[in-house]
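**Student:** What shape does this take:
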Amino acid sequence: MKPTNPSRGPPGPLLYTPQERQRRDATAWTLVQGVLAPVQFLVFLVSLGLVLRFLMTGQGEQAATVSVVVKTLVLYLIMVTGCIWEKVVFGCYLFAPAFYWEDVFSMLVLALHTAYLGALASGSLGPRGLMLLALAAYAAYVINALQFVLKLRAARLQQAHASGLEVAA
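**Tutor:** A predicted model of the protein is given here:
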């Protein structure tokens, strides 16, 4: 039996109702998100290295450019599938109360990545400007990724707390 403190409720507001948790656990989109998130992070790390290499040495512009485009395409994929996941679990494609601020910040991440593609296509920024814009997009991505990691941690803590109460009851 896990020790529980009955005077202390679950940490923070509940992220999922029991029905939402059941839908989350039943949908294949949860697995899709679970696979795409680390893939995106790996693509980000490789691309970040290539972008920094270009900015420091002036070498590898094409590789860095291709890597940012690939990172952006993976971002679009995870955003589309994430919207589908959110619709299945919460009934809306974006801005479900449980993930409102993560979704708001995701819009900034998308805007910066899309601005990169626009600047690349239009030639409005030189190579260095493009890479600096990519770094801004990547900084926003890291903040957003941390938001989601913290939210997932909170959900796990709440689920563990709820399980502890059930065992103690």
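**Student:** ok, and the closest non-adjacent residue to the residue most central in space within the chain?
**Tutor:** By Cα atoms, centre = their mean, the chain has its centre lying nearest to Ala145, at 4.4 Å. Excluding the flanking residues, the one nearest Ala145 by Cβ to Cβ, 6 or more residues apart in numbering is Phe41, at 6.9 Å. No exception for glycine: its C-beta is placed from N, CA and C like everyone else's.
**Student:** Now do the same for the closest residue to Val68 other than its chain neighbours: helix, strand or coil?
**Tutor:** Spatial nearest neighbour of Val68, chain neighbours left out: Ala134 (4.6 Å); criterion: Cβ to Cβ, 6+ apart. Here Ala134 is helix, with the state taken from DSSP: H, G, I helix; E, B strand; the rest coil.
**Student:** Check Ala134 and give its pLDDT.
**Tutor:** Looking at Ala134, its pLDDT stands at 98.
**Student:** From Thr65, how far off is it?
**Tutor:** With distances taken as Cβ to Cβ, to the nearest Å, Ala134 is found 9 Å from Thr65.
**Student:** Please say which of the two ends up with more neighbours.
**Tutor:** Ala134 (29 against 20; other Cβ atoms under 10 Å).
**Student:** wait, isn't that one in contact with Val66?
**Tutor:** No - here Ala134 does not reach Val66: they are 11.7 Å apart, not a contact under Cβ atoms under 8 Å.
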